[in-house]
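[1] Take a look and give me a structure for this.
(one chain, ligands or ions: 1)
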Amino acid sequence: MICMKTNTLIIGGGISGLHTAYLLQKLNKDFILMDARNRLGGRILSSNYQTSESEKSNKIHYDEKSPAFDLGPSWFWPGQSNLHTLINELELGGSVFHQHATGQSLYEDQQGNVQQGFYGISMEGAYRLNGGMQLLTAKLASKIDNNKILQSAKVETLEYIDDQIRASIQNTTNNERLEIISKNIVLALPPRLAMSSIRFKPALSKPRINELNSYATWMAGHAKIIATYAKPFWIEKELSGDAVSHIGPMREIHDASSHPSNNDETRGYALFGFLGVPGSYRKGNENEIKQAAIAQLVRLFGEDAAHPTNVILKDWAQEEFTATEVDQTMGGGHASSSIRDYTESDFADRLIWSGTETADHLRGYNGLIEGAIEASLRTVDLLVDSSKTDKKWGGVF
Ligand SMILES: Cc1cc2nc3c(=O)[nH]c(=O)nc-3n(C[C@H](O)[C@H](O)[C@H](O)COP(=O)(O)OP(=O)(O)OC[C@H]3O[C@@H](n4cnc5c(N)ncnc54)[C@H](O)[C@@H]3O)c2cc1C
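    All right, here's what the predicted structure looks like:
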């Protein structure tokens with residue numbers, strides 16, 4: 001078994017954990033960042049536009065220099081100051097563009113009648129990143145010392161022992177065991193997922209477990225379908241690409257095309273929709289659902305929609321490192337309360353809950369990328385300046 005030691009072990013290499021690692025590195029502090037997946041970014045995931053059959057067989061391919069569409073989050077909004085600061089700091093301002101929203105929205109009723117001019121569905125005003133949202137995590141990861149990042153490393157047990165925390169870890173590709181002794185642990189993953197997949201010694205109290213389980217993992221039960229096209233036929237028909245439907249299988253549809261300035265050869269045109277079909281039915285029925293989705297796009301946007309260059313279904317409810325059994329229904333929503341205590345007293349307050357689900361619900365960004373950065377900033381504050389809390393430990397570095 002391999003053993004390592006660090007001051008701060010960050011569990012979770014989504015945007016929140018990456019941001020914490022980025023800040024600790026800037027402060028010249030010791031840390032290890034680890035993630036159970038064999039990639040970084042967590043719920044942030046993009047894929048390049050693929051047109052040839054060989055490209056499509058690679059399924060998800062991402063190269064940040066090529067146009068891409070988002071399989072996870074697509075949007076951010078004005079007023080999300082922490083995210084805007086990060087985008088500027090990473091010099092990604094030139095990649096920001098407005099979600100396409102010009103033209104009429106569509107509405108499909110239960111009888112299959114399609115009407116134009118439906119209000120309230122447009123994503124007008126939202127921003128996107130040319131190169132996909134993964135550009136953000138890829139750029140952030142490139143700023144972090146690679147020697148401090150472990151991938152395919154799944155935490156199984158966290159044990160408070162001799163005034164430090166022992167993390168037992170399994171390598172998910174070769175099954176090797178690893179042990180990391182750390183002074184502090186940052187849990188940059190959804191609390192509900194941590195409750196179902198990590199063993200805590202000493203065990204957390206029943207009320208605390210119930211509380212942590214009550215924070216639904218934002219979008220964990222959802223799935224997206226992306227259909228890419230050679231031509232933006234909906235834009236040519238003066239449609240925005242936005243639609244709502246009472247028939248489905250997609251209940252909400254939007255334009256997912258890349259930035260208009262990309263040249264014609266690389267420009268990717270796409271429509272995407274959130275599925276309205278629950279996770280339990282989606283599993284095993286992917287092809288049928290994809291076909292039904294294309295039939296729905298034809299009903300809404302006309303015959304041109306019948307010939308996509310590619311169709312991808314990304315089902316987050318099937319992702320072991322995002323969703324749990326409870327997330328198989330699509331409910332959830334943003335938590336309407338905030339975590340009572342960010343640190344665990346039985347772990348000498350050195351176990352810190354982070355990740356977007358722990359952001360302040362009153363600010364309203366919990367669940368979103370902005371919330372993930374907010375949680376990271378609070379976490380680094382806790383790590384660096386313990387006087388800002390009334391916790392018993394005095395400074396961790
Ligand atoms: C379909 C979809 C659409 C969305 N749309 C938007 C949007 O438009 N705008 C927006 O702002 N937000 C959106 N979101 C939410 C956004 O993706 C999240 O807020 C953000 O990515 C969360 O980041 P995080 O780092 O907190 O968590 P995560 O990205 O979930 O990262 C947690 C990490 O922990 C790792 N992990 C899990 N278990 C273990 C373990 N035992 N050991 C080690 N590592 C582990 C996981 O692999 C993962 O990488 C969307 C999400 C989805 C799924």
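
[2] and Gly284, how many neighbours?
    By other CB atoms under 10 Å, 9 other residues sit near Gly284. Where you see a C-beta, it was placed from the backbone N, CA and C, and this is true even at glycine.

[3] Count the residues that sit near Asn38.
    Based on other CB under 10 Å, the number of other residues close to Asn38 is 10.

[4] any idea of the pLDDT on the residue lying closest to it once chain neighbours are set aside?
    Sequence neighbours aside, Ser152 is the residue nearest to Asn38 in space, at 4.7 Å (criterion: CB to CB, 6 or more residues apart in numbering). The per-residue pLDDT reported for Ser152 equals 98.

[5] now do Thr379
    pLDDT, read off for Thr379, is 98.

[6] residues near it, how many?
    Neighbour count of Thr379, defined by other CB under 10 Å: 29.

[7] buried residues in the helix or strand hosting it?
    Using DSSP states H and E, Thr379 sits in helix 369-384. By 16 or more other CB atoms under 10 Å, the buried positions in helix 369-384 come out as 369-380, 382-384.

[8] If we check the ligand, which of those residues are in contact?
    369, 372 (CB under 6 Å from any ligand atom).

[9] My guess is Cys3 contacts Ser182. True?
    No. Cys3 is beyond contact range of Ser182, at 11.5 Å (criterion: CB atoms under 8 Å).

[10] Compare the two and say which is more crowded by neighbours.
    Between Cys3 and Ser182, counted using other CB under 10 Å, Ser182 has the larger neighbour count: 24 against 10.

[11] Which of the three states applies to the more buried one?
    strand (DSSP: H, G, I helix; E, B strand; the rest coil).

[12] Leaving aside the residues adjacent along the chain, what's closest to it?
    Using CB to CB, 6+ apart, the closest residue to Ser182 is Leu9 (3.9 Å).

[13] The one you found against Met34, yeah?
    Yes. Assessed by CB under 8 Å, Leu9 is found in contact with Met34 at 6.9 Å.

[14] which residues are in contact with both of those two?
    Listed as contacting both Leu9 and Met34 by CB atoms under 8 Å, 6 or more residues apart in numbering are Ile180.

[15] Am I right that Asp196 is in contact with Phe321?
    One thing to correct before we go on: residue 196 is Ser, not Asp. No. With contacts counted by CB under 8 Å, Ser196 stays clear of Phe321, the gap being 11.0 Å.

[16] the more surrounded of these two?
    Between Ser196 and Phe321, counted using other CB under 10 Å, the more crowded position is Phe321 (17 against 14).

[17] gap between the more buried one and Arg43?
    Separation of Phe321 from Arg43 (CB to CB, to the nearest Å): 10 Å.

[18] Check Phe118 too.
    Counting by CB to CB, the gap from Phe118 to Arg43 is 29 Å.

[19] Between the two, which has more neighbouring residues?
    Arg43 (23 against 16).

[20] Output the helix holding Thr379 as CSV, restricted to C-alpha atoms.
    Extracted in CSV, the C-alpha atoms of helix 369-384 (Å, rounded to 0.1, in the frame of the first residue of the first chain):
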residue,chain,number,x,y,z
ILE,A,369,-21.1,26.9,-10.6
GLU,A,370,-21.2,30.3,-8.8
GLY,A,371,-22.1,28.4,-5.6
ALA,A,372,-19.2,26.0,-6.0
ILE,A,373,-16.8,28.9,-6.1
GLU,A,374,-18.5,30.6,-3.2
ALA,A,375,-18.1,27.4,-1.2
SER,A,376,-14.4,27.2,-2.2
LEU,A,377,-13.7,30.7,-1.1
ARG,A,378,-15.4,30.1,2.3
THR,A,379,-13.4,26.9,2.7
VAL,A,380,-10.1,28.5,2.0
ASP,A,381,-11.0,31.3,4.4
LEU,A,382,-11.7,28.6,7.1
LEU,A,383,-8.4,26.9,6.3
VAL,A,384,-6.3,30.0,6.3
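
[21] name the helices or strands packed onto that helix?
    Judged by 3 or more CB pairs under 8 Å, 6 or more residues apart in numbering; DSSP states H and E, helix 369-384 is in contact with helix 15-26, helix 81-89, strand 177-187, strand 351-353.

[22] Looking at these, spot the one closest to the ligand.
    helix 15-26 (3.3 Å; CB to the nearest ligand atom).

[23] From the rest of the structure, what touches the closest one?
    8, 10-11, 13, 30-31, 33, 35, 40-42, 44, 86, 136-137, 140-141, 143-145, 148-149, 186, 188-189, 354-356, 369, 372-373, 375-377, 379-380, 383.

[24] let's see 6 Å
    10, 31, 33, 44, 137, 140-141, 143-144, 186, 188, 354-355, 369, 372-373, 375-376, 379-380 (CB atoms under 6 Å, 6 or more residues apart in numbering).
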